[in-house]
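Student: Mind folding the following:
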Amino acid sequence: LRKAFGGELVGKIPTHWIPPGQPGYDEAGGDAGPGVDFLKSETGDLELAKEYMKKAGYSSGMYDGGKTFSGVSDNATQQKQVSETAVAQFAKLGFKVDMKYVTRDSMYTKYCQVPANQPDVCPSVGWLKDFADPEAILGPVFNGKNILEQGNSNFSLLDNPEINAAMDKAEVVNDLAERNKAWGEVDKMITEDAASIPWLWDKQPLLKASDTNGVINQANAAWDMTFTSVK
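Tutor: Numbers count the residues shown, from 1 in each chain. Have a look, this model is predicted:
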């Protein structure tokens, strides 16, 4: 998927959800993550995937239920390439996916952020937190209480009572060290649940003139004009 999106330059392949440079990243396992086997190999592991399929009741390791699954993707060049790659990968496990390619705004507002009209797979969705805090990364995307009829960002529709309770508890921790530890544990729980699979910690290219002191805002990965200055 990363290769289809542009290769190594566009970002790192994730091992969990809180990205590098953000509070809670180290507490969630850092580069190594929590160590789940299905995110261990950067190139994927088809045989391991088939073992999981067998555990799900498919004795051959391939899906044989006969259903054609639905998908909606951004139709922009890179995003479309990623989705086409995903469809090809799903096919290796017997899944037939009818992927619809639409404009990015339609993908969100008509399909992937509307649970009543949401397809089985939305490979193009992403999330950018509003604040440099692990709650802003994980809460809106994985807490069951944040599932909305419109404008929904809990794309996996995850509503796990145990994970919800852990997030509700972590929300009110004020000590920064304890807060990062609590959310790091939440990250591990979400990763192990596998309701959604992270495939890119993307990098944001930023350009500055040689005579400026550029300061990046940790929350939105853009230039922070409050602190950026001319030399």
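
Student: so where's the longest helix in this protein?
Tutor: Using DSSP state H to define each element, the chain has its longest helix at helix 176-193.

Student: quick one: contacts of the helix or strand just after that one?
Tutor: Once helix 176-193 ends, the next helix or strand along the chain (criterion: DSSP states H and E) is strand 201-202. Contacts with strand 201-202, where a contact means CB atoms under 8 Å, 6 or more residues apart in numbering, come from 10-14, 19-20, 126. In short, each C-beta sits where N, CA and C put it, glycine included.

Student: what sits against the residue lying closest to A194 once chain neighbours are set aside?
Tutor: Using CB to CB, 6 or more residues apart in numbering and skipping the chain neighbours, the partner closest in space to A194 is F38 (6.8 Å). Contact partners of F38, counting by CB under 8 Å, 6+ apart, are 45, 48-49, 52, 194, 197.

Student: if we look at stretch 17-30, which residues are touching it?
Tutor: 12, 15-16, 31, 34-35, 129, 132-134, 137-138, 142, 176, 179-181, 183-185, 187-188, 190-191, 198, 201, 218.

Student: Counting neighbours, which bits of that stretch end up buried?
Tutor: Neighbour counts over stretch 17-30 (16 or more other CB atoms under 10 Å) mark 17-19, 22-25, 27-29 as buried.

Student: With stretch 178-192 instead?
Tutor: 179-191.

Student: Check what contacts that stretch and list those residues.
Tutor: Taking CB under 8 Å, 6+ apart as the rule, stretch 178-192 contacts 15-18, 23-29, 33-34, 36, 39, 133-135, 138, 142, 158, 160, 162-163, 166-167, 169-170, 173, 198.

Student: Tell me where the chain has helices.
Tutor: 2-5, 46-55, 77-91, 104-106, 134-142, 161-171, 176-193.

Student: Let me have those in a markdown table, adding distance to L206 and mean pLDDT as columns.
Tutor: Converted to a markdown table, the helices of the chain look like this (distance: least, CB to CB, whole Å; pLDDT from 0 to 100):
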| stretch | distance to L206 | mean pLDDT |
| --- | --- | --- |
| helix 2-5 | 18 | 95 |
| helix 46-55 | 37 | 97 |
| helix 77-91 | 19 | 96 |
| helix 104-106 | 22 | 96 |
| helix 134-142 | 20 | 97 |
| helix 161-171 | 31 | 98 |
| helix 176-193 | 26 | 98 |
